[in-house]
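Enquirer: Structure for this input, please:
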Amino acid sequence: MTTINGTFRKLTAPALGLDAQGLLYVLIASGLIAAVLVFPVFASRFEVRLGTELMFLALWAMSLNLILGNLGMISFGHAAYFGLGAYTVALIMQKTDIPFAAAFIAAPFVAGIGAMVVGFFCIRLRHPIYFALLTLAFAQLLFTIAFQWYGFTGGDNGVVGFGRDVPESLRLDPTNLYYFTAGIVIISMLALWVIARSPFGLMLKAIRENPERAEAIGIPVQRMRWTAFVIAGFFAGISGALFATFQRAVFPDAMHWLKSGEVLIMVLLGGMGWFLGPVVGAATFFILRHEISGHTEYWQLFLGILLLAAVLFFREGVAGALVSIARWGRGRVQVLRNRRRGDSTAAPAAKEDDA
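Expert: So this is what the prediction gives:
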C-alpha cells in the first residue's frame, strides 16, 4: 500500500504542478466540494439556510487570510469591504432598475475600489500596529457614513425592500440560493488558491518573512501589499453581495468593527497558516454561535476559552491541531509497521541460531 501511495504521488503531483502537501489540499478540497453539493439532499430547509450562511462567511474569512496569513498584516476594518459589497447590491436594486446580476457583479468592484483608496493610505504605515489602527479608523468612518446618511443609506434603519427584485428562483427556493452561493464561493476559493500558489503569492510570503530582504532582491514590497489589500477587499465584496442576497436587508452593523473582530477570530481559530484554515475557523465560530447559543446566552465564554487555547497552545489553529494529530497518528502507525517488520526479520534469524 505504501508503494502504491508513493507511486500515485510521483505520477500525479508533477502532472498537476503540486507537491505532496498541495495534492493533499486538492483531495481535501474535492471531498469538501462533494460534501457541499450533496448536503441539501439530506438536510432540512432550515439547515440549508444555515449552510448558505456558513459558505459566504468562510469566503469572507479566506479573503482576510490573503493578507493576514500570507503577509502578516492585521486588519481591524475588513468588515468595511464586506459592507460595501452588501450595500452596493442593496442600493443599486432599491434605487435603480438595474437587474440583480449587474448589481451583484458591481459589488466586488466597488469593494475593491474602496480597499484601493483605504489601502493607499494604510500601506504607507509599515508598523503593523499603526496599520491595524488606521484600517479600523477608515472602517469606522464608513460605518458612520452608513449609519447617519439617512437620505441615501437609510441610516440605522438600513436598506430594506429590495428583496422583491431578487430573482424568484433565489428568493423562494433556499436550495437554489444554496447552490448559487456554493458556485460563487467555490469559484472564488479556487481563484484564491491560484493566487496563493502563484509567483505573486510566493512574493507575499517572502515579504512576510523578511520585507527588507525582499525589497533588497527587487520585490516592490509596498505595491505588492497594496495589491493584496485590494484583492482581499474584492473577495470580501463578493461575500457581502452574497450576504445581501441571502438576508435581503442590509444594516450598518455589517460594517461595524465588531464584525471585523468576528472575521479575525475566524481566521485565528482556524489557523492563518493554512489555506483552508479560515474555513475551519468559520465553521467553528458558526457552530458555537448557533448551537451553544441555543443552550446558554454565554456562548461567547466558550468562544473566548477556545480562542485562548488556540493562542496559547495551538498557534496554528484548529486546522493545524488536526494536521498535527494526523501526523502523530501516521507516525505511530509507521512505528508499529517498523516493529512488525523487525519482528518478522528477527524470527528466522533466531531459528538459524537454534539450529
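Enquirer: Going by C-alpha atoms from here, please, whenever you check contacts or count neighbours.
Expert: Fine.
Enquirer: and residue 115, what does it touch?
Expert: By CA atoms under 8 Å, 6 or more residues apart in numbering, the residues touching residue 115 are 81, 229-230, 233-234.
Enquirer: what residue ranges in the protein are flagged as low confidence?
Expert: Within the chain, the segments meeting pLDDT under 70 span 1-25, 315, 317, 319-323, 326, 343-355.
Enquirer: tell me the domain boundaries of it?
Expert: 1-42, 45-259 (automatic domain parsing).
Enquirer: Could you dump those into a markdown table and include distance to residue 314?
Expert: Output for these, formatted as a markdown table (distance: least, CA to CA, whole Å):
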| stretch | distance to residue 314 |
| --- | --- |
| domain 1-42 | 20 |
| domain 45-259 | 16 |
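Enquirer: Out of these, which gets nearest to residue 298?
Expert: domain 45-259 (17.0 Å; CA to CA).
Enquirer: End to end on that closest one, go ahead and measure it.
Expert: When the termini of domain 45-259 are compared using CA to CA, to the nearest Å, they are 26 Å apart.
Enquirer: And stretch 34-53, by the same measure?
Expert: 18 Å.
Enquirer: So which residue is smack in the middle of this protein?
Expert: residue 62 (1.9 Å; CA atoms, centre = their mean).
Enquirer: What helices and strands are in contact with the helix or strand where residue 200 lies?
Expert: For residue 200, the element it lies in under DSSP states H and E is helix 199-209. Using 3 or more CA pairs under 8 Å, 6 or more residues apart in numbering; DSSP states H and E, the elements in contact with helix 199-209 are helix 45-71, helix 211-216, helix 221-247.
Enquirer: out of the ones you listed, nearest to residue 342?
Expert: helix 45-71 (43.3 Å).
Enquirer: list the contacts for the nearest residue to residue 147 once chain neighbours are set aside?
Expert: Counting by CA to CA, 6 or more residues apart in numbering, residue 155 is the residue found nearest to residue 147 once chain neighbours are left out, at 4.3 Å. Counting by CA under 8 Å, 6+ apart, residue 155 touches 146-149, 252.
Enquirer: ok, now residue 116?
Expert: 226, 229-230.
Enquirer: what's the burial count for the closest residue in space to the residue nearest to the centre of the chain that isn't next to it in sequence?
Expert: When the adjacent residues along the chain are set aside, residue 62 lies closest to residue 278, with 5.5 Å between them (CA to CA, 6+ apart). Residue 278: 34 surrounding residues under other CA atoms under 10 Å.
Enquirer: residues of stretch 151-167 that come out buried?
Expert: 153-156, 158-160, 162-163, 165-166 (16 or more other CA atoms under 10 Å).
Enquirer: I meant stretch 141-150, not that one.
Expert: 142-144, 146-147.
Enquirer: next one: stretch 47-64
Expert: Residues of stretch 47-64 classed as buried: 48-49, 51-64 (neighbour count, 16+ other CA under 10 Å).
Enquirer: Pick out the most distant pair among those residues.
Expert: 48 and 64 (25.1 Å).
Enquirer: The stretch 51-200 of the chain: helices as residue ranges?
Expert: 79-95, 100-122, 128-148, 168-171, 174-197, 199-209 (DSSP state H, counting those that start in this stretch).
Enquirer: contacts for the fifth one?
Expert: With CA under 8 Å, 6+ apart as the contact definition, helix 174-197 has outside contacts at 33, 36-37, 40, 45, 48-49, 51-52, 55-56, 59, 62-63, 66, 70, 169-171, 201-202, 235, 242, 246, 275.
Enquirer: got it, and the third one?
Expert: With CA under 8 Å, 6+ apart as the contact definition, helix 128-148 has outside contacts at 73-80, 118, 122-123, 125, 153-156, 158, 252-253, 255-257.
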